[in-house]
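**Q** after the sequence you'll find the predicted model.
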Amino acid sequence: MNEHYPFTNPPLPYPYEAMEPYIDTLTMHLHHDRHLQTYVDNLNRILKDYPAYHQLSLEELLMYQKSLPPEIQTGVRNNAGGVYNHIMYFSCLKNPGMEEPPHPLNQMIAKYFKDYSGFQTEFTNAALSVFGSGYAWLVADAFGRLLILTSANQDCPLSENLFPLLNLDVWEHAYYLKHYNERAAYISDWFHIVNWDQAAANYQMLFP
Ligand code: MN
């Protein structure tokens, strides 16, 4: 994501119905065309009168958020986060998904979470533990170690110097039409459509 101001909403890398039956077509339309679009529009509006920051990428805005003018810090945090987090979420979906991460990410998953099943349990518990709106994440720290964490709202691990590999949006708008209030059912469906190749590519880009 090397894009900078004015930011645009990239098309989904697959048809809206591609995640059926795990994520319904209407949810994908609303989530991409309305929710993500709103974050893009808000971010552009916030940055409009701040040309000094028009060359910064989304990643840079999030990493250097605390050095921005105080009056736009919260807006950038929420909206650059909203854009980055959603682009990552959509890019990490693939149907049919993959049973397990490819080599060598599978070995790292085994190292930090015992095995893939241990990862699934820990990631599921993290996603269930988000109170209200937020995300569960698989991230790497600066040494390449893997961690599972959660964030509230549209906060992004990049702002804490952690590097996202994979995320799961657990805002209700991501699943309410199909799964109603059953977040656990949504999480379990999501495990059928994880794009592990993308997560592995995200790691490879950081630690070639
Ligand atoms: Mn969302």
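**A** Done, it's in.
**Q** got the residues of the protein near the ion?
**A** Residues of the chain lying near the ion by C-beta under 5 Å from the ion: 169, 171. Quick note: C-beta positions are derived from backbone N, CA and C, even for glycine.
**Q** so where do the helices sit in the chain?
**A** Taking DSSP state H, the helices of the chain run over residues 25-29, 37-47, 58-63, 70-91, 105-113, 116-129, 176-179, 183-190, 196-206.
**Q** redo these as a markdown table? Include mean neighbour count, distance to residue 150 and mean pLDDT.
**A** Formatted as a markdown table, these follow (neighbours: other C-beta atoms under 10 Å; distance: least, C-beta to C-beta, whole Å; pLDDT from 0 to 100):
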| stretch | mean neighbour count | distance to residue 150 | mean pLDDT |
| --- | --- | --- | --- |
| helix 25-29 | 16 | 21 | 98 |
| helix 37-47 | 18 | 19 | 98 |
| helix 58-63 | 21 | 17 | 97 |
| helix 70-91 | 20 | 12 | 98 |
| helix 105-113 | 17 | 16 | 97 |
| helix 116-129 | 16 | 5 | 98 |
| helix 176-179 | 17 | 19 | 96 |
| helix 183-190 | 18 | 12 | 98 |
| helix 196-206 | 17 | 17 | 96 |
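**Q** need those helices in a markdown table (columns: distance to residue 4).
**A** Below are these laid out as a markdown table (distance: least, C-beta to C-beta, whole Å):
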| stretch | distance to residue 4 |
| --- | --- |
| helix 25-29 | 27 |
| helix 37-47 | 9 |
| helix 58-63 | 8 |
| helix 70-91 | 11 |
| helix 105-113 | 29 |
| helix 116-129 | 31 |
| helix 176-179 | 33 |
| helix 183-190 | 31 |
| helix 196-206 | 18 |
